[in-house]
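Novice: test case, fold it:
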Amino acid sequence: MSLRIKTVVDKFVEELKEALDADIQDRIMKEREMQSYIQEREREVAEREAAWKAELSRREVVSTSL
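Specialist: Residues are numbered from 1 along each chain as shown. The predicted structure follows:
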């Protein structure tokens, strides 16, 4: 009887470990996706900032020339 219980418990523990490992992998993937998303948004903001600064510089040059 106790061998049967041990087998059931061992199987449960193994399945729990597998479920936890899968959950951890999902969380790691989501974290990577979030980091990638953040980096892309930061890149877009930096590009907009650079374009804005370039436009501001052009306006300053034009207004100085006048």
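Novice: so which helix or strand takes in Val61?
Specialist: Val61 is part of helix 2-65, with elements assigned from DSSP states H and E.
Novice: so what's the residue nearest the centre of the chain up against?
Specialist: Nearest to the mean C-alpha position of the chain, counting by C-alpha atoms, centre = their mean, stands Met34 at 1.9 Å. With contact set as C-beta atoms under 8 Å, 6 or more residues apart in numbering, Met34 has no partners. The way it works is simple: take the backbone N, C-alpha and C, and place the C-beta from them, glycine included.
Novice: separation between Val9 and Leu3?
Specialist: Val9 sits 11 Å away from Leu3 when distances are taken as C-beta to C-beta, to the nearest Å.
Novice: more neighbours: those two, which one.
Specialist: A direct count of neighbours by other C-beta atoms under 10 Å for Val9 and Leu3 places Val9 higher, at 10 against 7.
Novice: from Glu15, how far out is the more buried one?
Specialist: In this structure, Val9 and Glu15 are 11 Å apart, going by C-beta to C-beta.
Novice: next one: Glu40
Specialist: If you measure Glu40 against Glu15 using C-beta to C-beta, the figure is 37 Å.
Novice: how far off centre is the helix holding Val61?
Specialist: The offset between the C-alpha centroid of helix 2-65 and the centroid of the whole chain comes to 0 Å, using C-alpha atoms, centre = their mean, to the nearest Å.
Novice: could you count how many residues lie near Ala50?
Specialist: Neighbours around Ala50, by other C-beta under 10 Å: 10.
Novice: check it and give its pLDDT.
Specialist: At Ala50, the model reports a pLDDT of 97.
Novice: again, but for Ser65
Specialist: Per-residue confidence (pLDDT) for Ser65: 68.
Novice: quick check: which ranges of this structure have low pLDDT?
Specialist: When residues are selected by pLDDT under 70, those of the chain lie in 1, 65-66.
Novice: and Leu56, how far from Glu49?
Specialist: Spatial separation of Leu56 from Glu49 under the definition C-beta to C-beta is 10 Å.
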